[in-house]
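Q: Can you look at this prediction? I've put the sequence above it.
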Amino acid sequence: MAIFSGLLDAFSSEFGIDLGTANTLVYVQGQGVVLNEPSIISVGYRDGKPHTLAVGKDAKQMIGRTPDSIRAIRPMRNGVIADFEMAGMMLEHFIRRVHRNRSFISPRIAVCIPSGATQVERRAIRESAESTGARDVVLIEEPMAAALGADMPIMESNASMVVDIGGGTTEVGIISLGGLATTRSVQLGGDKLDQALITYVRNNFQLQLGEQSAENLKKDIGSVCLPEDGTDGQTCTVRGMDLTTGLPREIEVSERHMYEAYSETVDQIAETVRDALRHTSPELAADLVNQGVLLTGGGALLKGIDKVIRDTTGLPVAVHDEPLFCVAYGTGKLLGNRLLLRQLAQIGSS
């Protein structure tokens, strides 16, 4: 049996998957991140049964533009599966793209999960991954995956702290001796920021923005701090539907507007980080005075987010060089670390 198991390891593929609310990334051993696509699937219906029309970037272009016969669906919400059937179809499509012609043995997969996921939510993610034909599925909590992917010294006794700001959740983890000593998971991330901006523009400009327009503004001039020179900062033109006339209209949105729209959500994220610190041990908290906090995830790219968390905690704060890929890197590295794999395998079954 041991020989057969060794042969399986030799001929099978190993994938690490960051199954995110906004994007799904797939890491392949020896190649790095080979897929980075929006977590969106578009389906049509034939005899009452859904069939896939587009997945990822192609499906994202359909949001808000589909006829009644087609649905563009985000199967992930707040870091967990909201639509099991659609999540399975989307994940199967991504794995088939990556796994095509790689081997004749089903892959082993590591998938990240929010640290606050319930047992039902963990089981749903596991079953969705298993439905793609994977022969083995390992779950890893997102703060641990982010820290592992960022090459933080997670096996040392000195504490490390990571804050992963994703599309659906913000995950906070204080790690020591290969385990999560303190975690916090809050359903605040890029999606909530987009919704906050849509609400702000609707209330202040009487203009209805689409989700894609809000996301584009976030990427172009998103800021969580007021411009230091006292001006309104950079501006960007955005188009939407006038709520009074129902006609298309465009406005200028500034960095100051972005700050005002985001401030409440960002304050809640910062308070989550502070809450984690308040509930960790004095010894680990002392370590963090020197070690500081590492920011990962797409939200780490927001202008000024490091300053907000630094001002809230009083700790040094750094943004990883590749914040978007840390969780994916971590899931892949987990599969290459048999000791850590055994240590964390209980996450999916406990």
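A: Thanks, I have the structure now.
Q: okay, CA-based contacts and neighbour counts for the rest of this
A: Fine.
Q: ok, which stretches of the stretch 1-150 of the chain are strands?
A: Along the stretch 1-150 of the chain, the stretches classed as strands by DSSP state E, counting those that start in this stretch are 14-19, 23-28, 32-38, 41-46, 49-55, 70-73, 76-77, 80-81, 108-113, 136-141.
Q: What residues of stretch 143-157 count as buried?
A: For stretch 143-157, the neighbour count (16 or more other CA atoms under 10 Å) marks Pro143, Met144, Ala145, Ala146, Ala147, Leu148, Gly149, Ala150, Met152, Pro153, Ile154 as buried.
Q: and those, which of them are in helices?
A: Cross-referencing the buried residues of stretch 143-157 against helices under DSSP state H gives Pro143, Met144, Ala145, Ala146, Ala147, Leu148, Gly149.
Q: now these as JSON lines including distance to Gly292 and pLDDT?
A: Below are those laid out as JSON lines (distance: CA to CA, whole Å; pLDDT from 0 to 100):
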{"residue": "Pro143", "distance to Gly292": "15", "pLDDT": "96"}
{"residue": "Met144", "distance to Gly292": "16", "pLDDT": "94"}
{"residue": "Ala145", "distance to Gly292": "18", "pLDDT": "95"}
{"residue": "Ala146", "distance to Gly292": "15", "pLDDT": "97"}
{"residue": "Ala147", "distance to Gly292": "13", "pLDDT": "96"}
{"residue": "Leu148", "distance to Gly292": "16", "pLDDT": "94"}
{"residue": "Gly149", "distance to Gly292": "17", "pLDDT": "95"}
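Q: Can you name the two of those residues that sit furthest apart?
A: Pro143 and Gly149 (9.8 Å; CA to CA).
Q: what's the overlap in contacts for the two?
A: Taking CA atoms under 8 Å, 6 or more residues apart in numbering as the criterion, Pro143 and Gly149 both touch Val327.
Q: Out of the buried residues of stretch 143-157, which comes closest to Val137?
A: Closest approach to Val137 among the buried residues of stretch 143-157 (CA to CA): Ala145, at 14.9 Å.
Q: Could you report the separation of that closest one from Leu209?
A: According to CA to CA, to the nearest Å, Ala145 stands 34 Å off from Leu209.
Q: before we move on, what about Asp164?
A: From Asp164 over to Leu209 the distance is 27 Å, taken as CA to CA.
Q: between those two, which one's more packed in?
A: Set Asp164 next to Leu209 and count neighbours by other CA atoms under 10 Å: Asp164 wins out with 29 against 21.
Q: Over to the more buried one: give its phi and psi.
A: Dihedral angles of Asp164 (phi, psi; degrees, to the nearest 10) stand at phi -100, psi 110.
Q: Look up the closest residue to it, ignoring the ones flanking it.
A: Thr296 (4.6 Å; CA to CA, 6 or more residues apart in numbering).
Q: For the one you found, list the residues it contacts.
A: Shown in contact with Thr296 (CA under 8 Å, 6+ apart): Ala146, Val162, Val163, Asp164, Ile165, Val319, His320, Glu322, Pro323, Leu324, Cys326.
Q: Now, those residues that are in helices?
A: If you go by DSSP H, the contacts of Thr296 have Ala146, Cys326 in helices.
Q: Which of the contacts of Thr296 sits closest to Arg126?
A: Distances from Arg126 to those, taken by CA to CA, are shortest for Ala146, at 19.3 Å.
Q: Return the set of residues that bridge with the residue lying closest to Ala147 once chain neighbours are set aside.
A: Closest residue to Ala147 apart from its sequence neighbours, by CA to CA, 6+ apart: Val162 at 6.3 Å. On the basis of DSSP bridges, Val162 is bridged to Gly173, Leu294.
Q: Next one: the residue nearest to Pro227 when sequence neighbours are not counted relative to Arg256, how far apart?
A: In this structure, Pro227 finds its nearest non-sequential neighbour in Gly233, 5.6 Å apart by CA to CA, 6+ apart. Separation of Gly233 from Arg256 (CA to CA): 7 Å.
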